[in-house]
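Quick one: sequence plus predicted model below, questions after.
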Amino acid sequence: MDIIKEIHAIKKAKNAVILAHYYQDSDIQDVADYIGDSLGLAQQAEKTDAAMIVFAGVHFMAETAKLLNPGKKVVIPDMNAGCSLADSCPPDEFRKFKEKHPDYVVISYINCTAEIKAMSDIICTSSNAVKVVNSVSPDKKIIFAPDKNLGAYVIKQTGREMLLWNGTCMVHEIFSLEKITRLKLRHPQAELIAHPECEEHVLKQADFIGSTTALLNYTSSSNKKEFIVATESGIIYQMQKKNPDKVFIPAPPNNNCACNDCPHMKLNTLEKLYACMMNELPEIIIPEHIALYAVKPLKRMLEISAAP
Ligand code: 13P
Ligand code: SF4
């Protein structure tokens, strides 16, 4: 069976759209109708007229697509594709935390569960976190959850004080500054580019910081030829495709493994993608009482993002 041909045939027959995050394997990126970062994917989900959304990414991303399309079927290749950041913010603990700070505006990074979204005032992604924080009146106090690294980066960019939830991404917190420094000595012309989920000491050394889409665009616009990439390795596929004459070196992690793969993202495979389109399972279902509240801060984010 030619699985790629079959995926395209089912897509047509079922009027489905495949949305994929840049951290997916290259063969999944190649069959997707749209590849993007979390913001781009949410925007695509909001405007699609397809009957079924096939979300090649992790659970919170597919959940976001469902919140924006309550009447549509949203399926994901592997229901176990979670996220360490989303896991770091259990709803019961977050509720208690929020109750201790009742007069705070809650801004949550999109990498969280629908339950956390339902307790938030505005959602943000790594592309628009600064804009979202700046949209909050200066006299208001802010809780930022769940990523403390992105939060610390936004504090630096905006000068706003924020109360940070203590969560991190298992992929972005593992980069070794020592190994990066050694790599820079061997590649003195290379620029270090980093995702804002990385730890502060890595970000301090970075020549450019941005979301996956911003990093990709930067590698195309920069006149440099070599880049040390401090984010999940999946994005390098698009960087190399768009810039075949440039060299991309994955930033080394602080363990014995040489790769920067997100184990959650990489649970999805082409075979599981095919099966989920064929069977229309596993399907994302969100209890109505949660969806009702979770969609509001998400829509607020999309409005802020669209504003000039
Ligand atoms: P962006 O898609 O906003 O770059 O975030 C990266 C990420 O970690 C997604 O899980
Ligand atoms: Fe979550 Fe990090 Fe994986 Fe993104 S890369 S899905 S933030 S664990």
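Ah, there it is. Computed from a prediction, not measured in an experiment: that's the story for all the values here. Residues are numbered from 1 along each chain as shown. Ligands and ions are numbered 1, 2, ... in the order given.

Not counting sequence-adjacent ones, nearest residue to the residue in the stretch 101-250 of the chain positioned nearest to ligand 2?
Closest contact between the stretch 101-250 of the chain and ligand 2, by CB to the nearest ligand atom, is at residue 169 (3.3 Å). (C-beta placed from N, C-alpha, C; glycine too.) Take residue 169 and drop its neighbours on the chain: the residue closest to it by CB to CB, 6 or more residues apart in numbering is residue 197, 4.5 Å away.

The one you found - how many residues pack around it?
Per other CB atoms under 10 Å, the neighbour tally for residue 197 reads 24.

What strand or helix carries the residue of the stretch 101-250 of the chain closest to ligand 2?
Secondary structure assignment for residue 169, by DSSP states H and E: no helix or strand.

Surely it touches residue 86?
No - if you go by CB atoms under 8 Å, residue 169 and residue 86 don't touch, sitting 9.8 Å apart.

What residues does the stretch 201-308 of the chain have near ligand 2?
Within the stretch 201-308 of the chain, the positions near ligand 2 by CB under 6 Å from any ligand atom are 232, 262, 264, 265.

So what's the predicted local confidence for the last one?
On pLDDT, residue 265 comes in at 98.

ditto for the first one
At residue 232, the predicted lDDT confidence score is 97.

Now do the contacts for it.
22, 23, 171, 172, 195, 212, 260, 261, 262, 265 (CB atoms under 8 Å, 6 or more residues apart in numbering).

Surely residue 8 forms part of a helix?
Yes - looking at residue 8 with DSSP: H, G, I helix; E, B strand; the rest coil, it is inside a helix.

how many neighbours does the closest residue to residue 84 other than its chain neighbours have?
The spatially closest residue to residue 84, leaving aside those adjacent along the chain, is residue 170, at 4.0 Å (CB to CB, 6+ apart). Per other CB under 10 Å, the neighbour tally for residue 170 reads 14.

give me every residue that touches residue 170.
Taking CB under 8 Å, 6+ apart as the test, what residue 170 contacts is 84, 262, 263.

Now the residue nearest to residue 193 when sequence neighbours are not counted: phi and psi?
Ranked by CB to CB, 6+ apart and with sequence neighbours excluded, the top spatial neighbour of residue 193 is residue 208, at 4.6 Å. Backbone torsions for residue 208, taken as degrees, to the nearest 10, come to phi -150, psi 140.

if I look at residue 285, how far off is residue 59?
Applying CB to CB, to the nearest Å, the value for residue 285 to residue 59 is 12 Å.

More neighbours: these two, which one.
residue 59 (21 against 10).

Distance check, that one against ligand 1.
From residue 59 across to ligand 1, the span is 11 Å (CB to the nearest ligand atom, to the nearest Å).

Kindly report the same for residue 4.
Taken as CB to the nearest ligand atom, the span from residue 4 to ligand 1 is 25 Å.

contacting residues for the closest residue to that residue other than its chain neighbours?
Spatial nearest neighbour of residue 4, excluding adjacent residues (CB to CB, 6+ apart): residue 31 at 5.9 Å. Residue 31 is in contact with 4, 7, 8, 18, 20, 270, 273, counting by CB under 8 Å, 6+ apart.

What does residue 31 show for phi and psi?
Dihedral angles (degrees, to the nearest 10) for residue 31: phi -100, psi 0.
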